[in-house]
Structure formats: structure tokens, C-alpha cells
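**Student:** Need the 3D shape of this:
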Amino acid sequence: MKQLGLQFEVIPSSAKESIKNGENPIEHVLRLAEDKALDVGKSMKDSWIIGADTIVLLNGEILGKPVKEQNAYQMLIKLSGKEHRVITGFCIFNTNTKESIKEYVKTRVTIKELSDEDIRGYIQTKEPFDKAGAYAIQGIGAFMVKEIKGSYTNVVGLPICELIEALSRLGAVKLFEPPNLQQG
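**Tutor:** Have a look, this model is predicted:
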């Protein structure tokens, strides 16, 4: 968003990132995105709040953020040579009107076959920690991404194209002013 010239402030939410029983992956990311937006929005005035949550989904299993090397290793073994989905839900909340919208974006990502050396070496970089699915496509983890179908920025963690479209529909942002063309 900074690259687009938009001014914003990052305020961490204290919303709990837990999965509720019976909740499907899309319901999960949309609920967490809304929880985060409403949590931050309760202390803000005259603001548009964006909450977001990203998950990695492999064969119906949500791969969260690894906290230990063994967690990261197991996730990367599971992803090796397979296609998975990255799903991000976002919620845009207006603190004045108390209205919100929620949307989600899905991207398919294929990871190359990873050797044990690839996995152990990547874990030693410490990059997999605090990353859904134990990899960062925008960092060193790019070495393992064989194919992507869909939004790259979604895999990074925030689907910028779709987010800006939603913000524009709501009147929250206007990226470009139309040129003042003179006929002569």
C-alpha cells in the first residue's frame, strides 16, 4: 500500500486467531479479518480499518504458523511437490458508519519437490517462523515456488488489487485523479 502512495498506520489487533468448530476455511479467514478490524476499530474515530487473515490450505488442512523447527519441517514436507491454496480474508470497517464489508481471495501455489537439505537449510534462515505454511514467497522462500495461479500479493499476505478495488467502491481511496484534458 505504501508503493501506491496510500497513508496508513499498522496497529496490531489483540483478536485471538483460533479455529472454531464447524468453521470452513473461508468462514475462518473472514471471521478473523472482521474480528481484527472491529478490535482495532473500537478505539479509532473517523477511520477506515482493514483487518486481514491469511491461511495456507492443503487437502483441507489449515497449515498455521510454525513456532518450532519441527513444526516448520513437517509443514514443508507436506507442501513439497504439491499444490496448495492460499486464502486471505479481508474486512474493511468504517468507524463512522459502523458498516463493514468482507471479501476473500484464493491463490493456487505449487511447491517444487524439496530435498531434506532444502528444508533444513531454509529453516536455518529463520524465515519460516510466523509465516502461514512456513514459507515467505516474497523472501528466500521464493526458491521453492514452482508455479502460482492467482494473486501474488495474496500469497504475500494482502491481496492488493482486490483490496484497492473494494476500497475504491466504498469511496475510501481514489488512486488517480482523472487528467484535465483540454481540447484545442
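**Student:** Only the buried residues of the longest helix seen in the chain, if you could.
**Tutor:** Using DSSP state H to define each element, the chain has its longest helix at helix 25-41. Using 16 or more other C-beta atoms under 10 Å as the test for burial, helix 25-41 gives 25, 28-41. Placement of C-beta: from N, CA and C, glycine included.
**Student:** angle of the next helix-or-strand element following that helix against helix 25-41?
**Tutor:** Sequence order places strand 48-58 as the next helix or strand after helix 25-41, per DSSP states H and E. Counting by axes from the mean of the first three to the mean of the last three C-alpha atoms, to 10 degrees, strand 48-58 points 150 degrees away from the direction of helix 25-41.
**Student:** So in that sheet, which strands flank strand 48-58, and in what orientation?
**Tutor:** Applying DSSP bridges, strand 48-58 is found paired with strand 61-63 (antiparallel), strand 83-94 (antiparallel).
**Student:** circling back to that earlier point, out of the buried residues of helix 25-41, which is nearest to Ile111?
**Tutor:** Checking the buried residues of helix 25-41 against Ile111 with C-beta to C-beta, the nearest one is Pro25 at 18.4 Å.
**Student:** how close does that closest one get to Glu61?
**Tutor:** 9 Å (C-beta to C-beta, to the nearest Å).
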